[in-house]
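# how would this look folded up:
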Amino acid sequence: MITRSLGPEAPHVSAVGFGAMPLSIQGRPSDPEIGVRVVHASLDAGMTLIDTADVYCLDDSDIGHNERLVSRALREWQGDRDSIVMATKGGLTRPAGRWERNGHPDHLRQACERSLAAMSVDQIDLYQFHAPDPTVPLEDSVGALAELRQQGKVRWIGLSNVTVDEIKLAESIVPVVTVQNRLSPFFREALDTGVVEYCGNRGIGLLAYSPVGGGRLNKKLPAHPIVAEIAKRHDASTHTVVLAWVLNQGDSVIVIPGARTVEHTVDSASSASLELSADELASIDAAEFSIT
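Predicted structure coming up:
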């Protein structure tokens, strides 16, 4: 597995990380053992970054489900646990299964404590602010993360769902190691708004979530004429072709596709070694990807 820098003062990690969310939200495997096997398959395939969050669960009564599952899988894995970076997030809630923002410093402090307990660790590798809260000044939210870092409860700080201006504001308060924004051929706002370019210039790792567009849009890829033709040429899945395209959007880009099956996550890992030609990349650049 090729590696890329996670960010300033952070180690290199696999260019393809594992997005653990599908193992804990609606439609998750009924048997936790399946989730553990999927995590193990991801690690065995060379992934050294796992992305989770406290709210990857069904609702507020289920907070921390994904963190607990991933932590269990890591404890039971036969490989080198110290080589794995586990990233989690705080700043959202799940009342009645909804996704709502809460960037209040008190909430972030409490969320961090819950995550430490759920993950059974004394320090979180990478703690990410899940999304800016329009009712709370960003500097207050980021200030809370800076305090957690000073207290040794988190090692590195990341942001998610942010603009370039928001990254700059956060950088004036605390070192920003990663930015996790949506990026796929279906959704290119991270490219269009300059977030990918800014992160590349600053050496900040850009963790691309929903890199194949999410579950519904991913199902459209096998019928996409451009992607399907490229996949056939490489004897690869359309899924891996799109992941390879995302990886080619910048040297700081790390993809974090999710999976509910061993086969799916092993397929995702193979995208790190899929080399697309300049013409193939350009054809995907120019292609239409409908979200309807």
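# can you tell me the distance between the two ends of stretch 269-287?
For stretch 269-287, the separation between the terminal residues is 24 Å (Cα to Cα, to the nearest Å).
# Of all the residues in it, which ones are buried?
Ala269, Ser270, Ser271, Ala272, Leu274, Leu276, Glu280, Ser283, Ile284 (16 or more other Cβ atoms under 10 Å). C-betas here are computed from N, CA, C, even on glycine.
# Give me the subset of these that lies in helices.
Among the buried residues of stretch 269-287, the ones falling in helices (DSSP state H) are Ala269, Ser270, Glu280, Ser283, Ile284.
# May I have the residues that are in contact with the last one?
Contact analysis of Ile284 by Cβ atoms under 8 Å, 6 or more residues apart in numbering lists Pro185, Ile226, Val227, Ile230, Val241, Val242, Trp245, Leu276.
# And for the second one?
With contacts defined as Cβ under 8 Å, 6+ apart, Ser270 is in contact with Ala236, Thr240.
# Nearest to Asn218 among the buried residues of stretch 269-287?
Checking the buried residues of stretch 269-287 against Asn218 with Cβ to Cβ, the nearest one is Ser271 at 13.1 Å.
# any idea how far Ala278 is from that closest one?
With distances taken as Cβ to Cβ, to the nearest Å, Ser271 is found 18 Å from Ala278.
# any idea which helix or strand carries Arg109?
Following DSSP states H and E, one finds Arg109 within helix 105-119.
# Show me what that helix is packed up against.
helix 65-76, strand 85-90, strand 124-129, helix 138-150 (3 or more Cβ pairs under 8 Å, 6 or more residues apart in numbering; DSSP states H and E).
# which residues touch it?
54, 63-64, 67-68, 70-71, 86, 88, 90-91, 93, 122-124, 127, 129, 136, 140-141, 143-145, 147-148, 153-154.
# coming back round to it: quick check, nearest of the contacts of Ile284 to Arg202?
Nearest to Arg202, judged by Cβ to Cβ, of the contacts of Ile284 is Trp245 at 22.9 Å.
# The closest one: how many residues sit nearby?
25 (other Cβ atoms under 10 Å).
# What sits closest to it if chain neighbours are left out?
Closest residue in space to Trp245, ignoring its immediate chain neighbours: Ile284 at 4.9 Å, by Cβ to Cβ, 6 or more residues apart in numbering.
# Need the per-residue pLDDT for the one you found.
Here the pLDDT value assigned to Ile284 is 98.
# Next one: it relative to Glu263, how far apart?
Distance from Ile284 to Glu263, by Cβ to Cβ: 24 Å.
# and if you look at Gly19?
Counting by Cβ to Cβ, the gap from Gly19 to Glu263 is 16 Å.
# quick one, which of these two is more surrounded?
Between Gly19 and Glu263, counted using other Cβ under 10 Å, the more crowded position is Gly19 (27 against 11).
# Contacts only, for the more buried one.
Asp51, Tyr209, Ile256, Pro257, Gly258, Ala259.
# what is the first one paired to in the beta sheet?
So that's Asp51. In this entry, Asp51 is beta-bridged to Gly19, Ala87, by DSSP bridges.
# what's the spacing between it and Lys89?
For Asp51, the distance to Lys89 - Cβ to Cβ - is 8 Å.
# Overlap in contacts, these two.
By Cβ under 8 Å, 6+ apart, Asp51 and Lys89 have these common neighbours: Gln180.
# For the spatially closest residue to Met21 that is not a sequence neighbour, give me its contacts.
Residue nearest to Met21 in three dimensions, not counting chain neighbours: Tyr56, with 4.5 Å by Cβ to Cβ, 6+ apart. Residues near Tyr56 by Cβ under 8 Å, 6+ apart: Ala20, Met21, Leu23, Ser24, Ile25, His65, Asn66, Glu67.
# neighbours around the first one, how many?
Per other Cβ under 10 Å, the neighbour tally for Ala20 reads 27.
# Verify the stated contact: it with Arg68.
No. With contact defined as Cβ atoms under 8 Å, Ala20 does not count as touching Arg68 (11.0 Å).
# With only the CA atoms kept, save the least confident helix or strand in the chain by mean pLDDT in CSV.
The helix or strand of the chain with the lowest confidence, counting by mean pLDDT, DSSP states H and E, is helix 215-218 at a mean of 88. The C-alpha atoms that make up helix 215-218 are tabulated as CSV, following Å, rounded to 0.1, in the frame of the first residue of the first chain:
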residue,chain,number,x,y,z
GLY,A,215,-24.2,4.2,-1.3
ARG,A,216,-26.9,5.3,-3.7
LEU,A,217,-24.6,7.0,-6.2
ASN,A,218,-22.0,4.3,-6.0
